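Asker: build me a structure from this.
(2 chains)
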Number of protein chains: 2
Amino acid sequence: MWQRTRSYDSEDNERGACEWCEYALVITLATVLLLGVSGLTVFWILYYREGFGWADDIPEKQFNLHPALMVAGFVTFSGFSVLLYRICRCLRRIYVKLLHAIFHALAMPCIVIGFLAVLDFHNKKGINNFYSLHSWIGLTAMGLFGLQYAVGFFSFLLLLICSKGTAGFRASLVPVHAAFGVLTFVLGVAACLTGLTEKALFTIGNETYASMSEESIVMNAIGVSIVGVAIVVLYTVRGTGGHRTRTVAAQHPS
Amino acid sequence: MWQRTRSYDSEDNERGACEWCEYALVITLATVLLLGVSGLTVFWILYYREGFGWADDIPEKQFNLHPALMVAGFVTFSGFSVLLYRICRCLRRIYVKLLHAIFHALAMPCIVIGFLAVLDFHNKKGINNFYSLHSWIGLTAMGLFGLQYAVGFFSFLLLLICSKGTAGFRASLVPVHAAFGVLTFVLGVAACLTGLTEKALFTIGNETYASMSEESIVMNAIGVSIVGVAIVVLYTVRGTGGHRTRTVAAQHPS
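Answerer: Model prediction:
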């Protein structure tokens, strides 16, 4: 929205003020939701699920790393990374790209350790792996995340060594990277929602969950916050991958 | 994509051919997925869940209407409706709008009866209503669906009685209606995925689900198809609600 404004509507002051209001509102809302969703997940685990652990007597404490780290990786860090890329209008493009890469680099260990935590928990408890819809969606999201990071790092940072020679290639890759980025984020969100539903039924149990216990409401609130984050992020990136982005990218491929 | 082509790239024949290939591919893929997902859901219920019923000895048969009708309403009919609106380039605009309204009108009874089926089932079995994340997401999606239908019908069809006088208002409403339409669709998809996860754990049970029974794989396949539909629909509507849509709408508000 605000990027577009620069090209098309900058002569319209009143509209410009509205856009700045919207800009400030979205940044504030996004920050509150992105930090809030991870904060709420950590609170839920510390207050209702005995906190975190690894290789001690309670494997459930090790499992607890899974939701906390996956929400941090796929929602909080990835969300900030996507938002930063779309809303930083004052910084030089290379710094924005570096920030985008750094936030995704912070998401990476969260996702890897979050994945190992549940894998090791399942193996310790003799539970099968990769049987649920949640795991299928999550595995696809993880695969795409890795692929996107590798392709993005190589194409948009390493290839800057030969900036002019690769400009066309990099510009043509922008809408593909953006589209698959949105897909990865949406799949991450879907994995979180199905995972929360599974965890509620496994751990709280059908009957207590249905009685709307305190913990049920906290878990549902985590889900609702994740949906809120998804709405704000999708709102910010709407239009990505279309003709306009390709045109802008072709003009400023670095 | 193809709508945009008319305005910007029509002089480029090679690109035009590519766009038509993409157009044909997306239509085929979308039709297969949209029909496939409802077909697979009905197959699952007929083959593994004893089919449908209402007010007979087995309330579970009444519950079975819930997933089948919700998938038909929120995914198949709504998906076709959104796609038709975006890809019909040969028809007059008013016919496209009528088709969009008719497909949503077909989705409406599915969603209403699907909702009543589960409400009545819960009451018969003494299960609480509206406690789960799935129900919260589903209720929001239903509310938005009703609101969108009412606002859309009033603004884009009824107000055509006074076509010239309402052109500005209708044009300004287009991006809002489009953005909330995408949101409703995404929430519908999220409700389907969390609902499938709940149903798998409730009915197949943790252990059989974890053993990757035939039915688990069929249910996961329904979930994967729903994700596939969401990807195709979101891909088709990318760019909706942005500056371009507003400009086009201002030029052709009817």
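
Asker: all helices of the stretch 1-150 of chain A, in order?
Answerer: Counting by DSSP state H, counting those that start in this stretch, the stretch 1-150 of chain A has these helices, from start to end: A:2-8, A:13-48, A:59-63, A:65-70, A:78-87, A:93-125, A:133-152.

Asker: next one: the fifth one to chain centre, how far?
Answerer: Distance, stretch centre to chain centre, for helix A:78-87: 9 Å (C-alpha atoms, centre = their mean, to the nearest Å).

Asker: how big is the angle separating that helix from helix A:13-48?
Answerer: 170 degrees (axes from the mean of the first three to the mean of the last three C-alpha atoms, to 10 degrees).

Asker: if I look at A:Y95, how far off is chain B?
Answerer: Distance of A:Y95 to chain B, computed by C-beta to the nearest C-beta, to the nearest Å: 25 Å. In short, each C-beta sits where N, CA and C put it, glycine included.

Asker: spit out the contact partners of that residue.
Answerer: Counting by C-beta atoms under 8 Å, 6 or more residues apart in numbering or on different chains, A:Y95 makes contact with A:C88.

Asker: for the helix or strand that contains A:G181, what does the pLDDT average out to?
Answerer: Following DSSP states H and E, one finds A:G181 within helix A:167-199. In this model, helix A:167-199 has a mean pLDDT of 95.

Asker: tell me if the helix or strand following it is near chain B.
Answerer: Sequence-wise, the next helix or strand downstream of helix A:167-199 (DSSP H and E) is helix A:206-210. Yes. Using C-beta under 8 Å from any C-beta of the partner chain, we find that helix A:206-210 touches chain B at A:N206, A:Y209, A:A210.

Asker: show me what helix A:206-210 is packed up against.
Answerer: helix A:214-237 (3 or more C-beta pairs under 8 Å, 6 or more residues apart in numbering or on different chains; DSSP states H and E).

Asker: which parts of the helix it packs on are buried?
Answerer: Judged by neighbour count using 16 or more other C-beta atoms under 10 Å in any protein chain shown, the buried positions of helix A:214-237 are A:215-216, A:219-237.

Asker: near chain B too, which of the residues you listed?
Answerer: Of these, the ones that also sit near chain B (C-beta under 8 Å from any C-beta) are A:S216, A:M219, A:N220, A:G223, A:V224, A:V227, A:A230, A:I231, A:L234, A:Y235.

Asker: now the residues you listed in a markdown table, with pLDDT?
Answerer: Formatted as a markdown table, those follow (pLDDT from 0 to 100):
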| residue | pLDDT |
| --- | --- |
| A:S216 | 96 |
| A:M219 | 97 |
| A:N220 | 98 |
| A:G223 | 98 |
| A:V224 | 98 |
| A:V227 | 98 |
| A:A230 | 95 |
| A:I231 | 95 |
| A:L234 | 89 |
| A:Y235 | 89 |
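
Asker: next to chain B, which bits of the stretch 151-254 of chain A? Give me the list.
Answerer: So the stretch 151-254 of chain A meets chain B at A:179, A:182-183, A:186-187, A:189-190, A:193-194, A:196-198, A:200-202, A:206, A:209-212, A:216, A:219-220, A:223-224, A:227, A:230-231, A:234-235, A:238-244 (C-beta under 8 Å from any C-beta).

Asker: number of residues surrounding A:A150?
Answerer: 10 (other C-beta atoms under 10 Å in any protein chain shown).

Asker: now do the contacts for it.
Answerer: Contacts of A:A150 (C-beta under 8 Å, 6+ apart): none.

Asker: with adjacent residues omitted, what lies nearest to the residue of the stretch 1-150 of chain A found nearest chain B?
Answerer: Nearest residue of the stretch 1-150 of chain A to chain B, counting by C-beta to the nearest C-beta: A:L133, 4.0 Å away. Excluding its sequence neighbours, the residue lying closest to A:L133 (C-beta to C-beta, 6 or more residues apart in numbering or on different chains) is B:G223, at 4.0 Å.

Asker: confirm for me that that neighbour is in contact with A:W136.
Answerer: Yes. Contact criterion C-beta atoms under 8 Å: B:G223 and A:W136 qualify, at 7.4 Å.

Asker: next, format the helices of the stretch 1-150 of chain A as JSON lines and append mean pLDDT and distance to B:V118.
Answerer: Output for the helices of the stretch 1-150 of chain A, formatted as JSON lines (pLDDT from 0 to 100; distance: least, C-beta to C-beta, whole Å):
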{"stretch": "helix A:2-8", "mean pLDDT": "44", "distance to B:V118": "43"}
{"stretch": "helix A:13-48", "mean pLDDT": "91", "distance to B:V118": "27"}
{"stretch": "helix A:59-63", "mean pLDDT": "94", "distance to B:V118": "30"}
{"stretch": "helix A:65-70", "mean pLDDT": "98", "distance to B:V118": "27"}
{"stretch": "helix A:78-87", "mean pLDDT": "91", "distance to B:V118": "32"}
{"stretch": "helix A:93-125", "mean pLDDT": "95", "distance to B:V118": "31"}
{"stretch": "helix A:133-152", "mean pLDDT": "97", "distance to B:V118": "19"}
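
Asker: as CSV, those helices with distance to B:I45 would be great.
Answerer: Conversion of the helices of the stretch 1-150 of chain A to CSV gives the following (distance: least, C-beta to C-beta, whole Å):
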stretch, distance to B:I45
helix A:2-8, 46
helix A:13-48, 34
helix A:59-63, 33
helix A:65-70, 31
helix A:78-87, 36
helix A:93-125, 30
helix A:133-152, 17
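
Asker: so which of these gets nearest B:Q62?
Answerer: helix A:133-152 (23.9 Å; C-beta to C-beta).

Asker: what's around A:G39, how many residues?
Answerer: By other C-beta under 10 Å, neighbour count at A:G39 equals 14.
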